[in-house]
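Participant: Sequence and predicted structure, then a few things I'm wondering about:
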Amino acid sequence: MAELKDQLRLYLVTDPQLCKQIGIVETVRRAVAGGVTMVQLRDKNATTAQRTDLAVALKAALSGTGVPLVINDDVVAATAADTDGAHIGQGDISTERARAILGPDKILGLSCETPQAVRDVDPLLVDYLGLGPVFGTATKTNHALPTGFDGLAHLVTLSPLPNVAIGGLKPDHINGVLVSGANGMAVVSAICGQADPEAAARAFDTFKPEDRP
């Protein structure tokens, strides 16, 4: 569990439109060079076959880095590409079904937007939680009402698992996430679509949960 907490520190969620100029694979490659510690492949409009192919290419780019790759909402693609796991939301496949498809050894993440959703988590099925959205974000238009940092801190206190804050987060928000107690920051537009993804990732260097009192 300690290793997973470290891997969640700077969690990149890909966006195909934002990454269009240099491509998802190259964006990820540069972002990892800048300090990204975990990658989620998210493409709501792709087919399972397309996600599988892209995941295979990302696995090759991440080879030797130790950075885990999970796929959003598509456990079939995650299994076909043999990624490190998958991440699902509340309205997607059930955690029971997702775990049955992935098997016992893969990472399974779950998005939780409310205190009740966190309380309902089964730690025997899920490995980490995505908490938020902290702020509204254009990269996901159907999200719940933003929690703000106070709401995030409350979700963190309820969480039985390693967790990562998500939703409109930028380098300016590092201190707020640290104070909340979250293990990591998930970012999209703060890295995807930036002219220099490596430099954009390095802007989060001061997020160091291990230095918290």
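Facilitator: Cool, got the structure.
Participant: Could you list the buried residues of the longest strand anywhere in the chain?
Facilitator: Using DSSP state E, we find that the single longest strand of the chain is strand 107-112. Across strand 107-112, burial judged by 16 or more other C-beta atoms under 10 Å covers 107, 108, 109, 110, 111, 112. Bear in mind the C-beta positions are built from the backbone N, C-alpha and C, glycine included.
Participant: And it, what does it pack against?
Facilitator: strand 85-88, helix 95-102, strand 128-131 (3 or more C-beta pairs under 8 Å, 6 or more residues apart in numbering; DSSP states H and E).
Participant: immediately after that strand, which helix or strand?
Facilitator: Sequence-wise, the next helix or strand downstream of strand 107-112 (DSSP states H and E) is helix 115-119.
Participant: buried sites along that next one?
Facilitator: Buried, per 16+ other C-beta under 10 Å, within helix 115-119: 117, 118.
Participant: Show me what it is packed up against.
Facilitator: Against helix 115-119 (3+ C-beta pairs under 8 Å, 6+ apart) you get helix 148-158.
Participant: so the helix it packs on versus strand 107-112, what angle?
Facilitator: Going by axes from the mean of the first three to the mean of the last three C-alpha atoms, to 10 degrees, helix 148-158 is angled at 130 degrees with respect to strand 107-112.
Participant: ok, residues contacting the helix or strand following helix 148-158?
Facilitator: Downstream of helix 148-158, the next assigned helix or strand under DSSP H and E is strand 163-165. If you take C-beta atoms under 8 Å, 6 or more residues apart in numbering as the criterion, strand 163-165 is touched by 8, 11, 109, 128-132, 134, 152, 155-156, 177, 180, 182-186.
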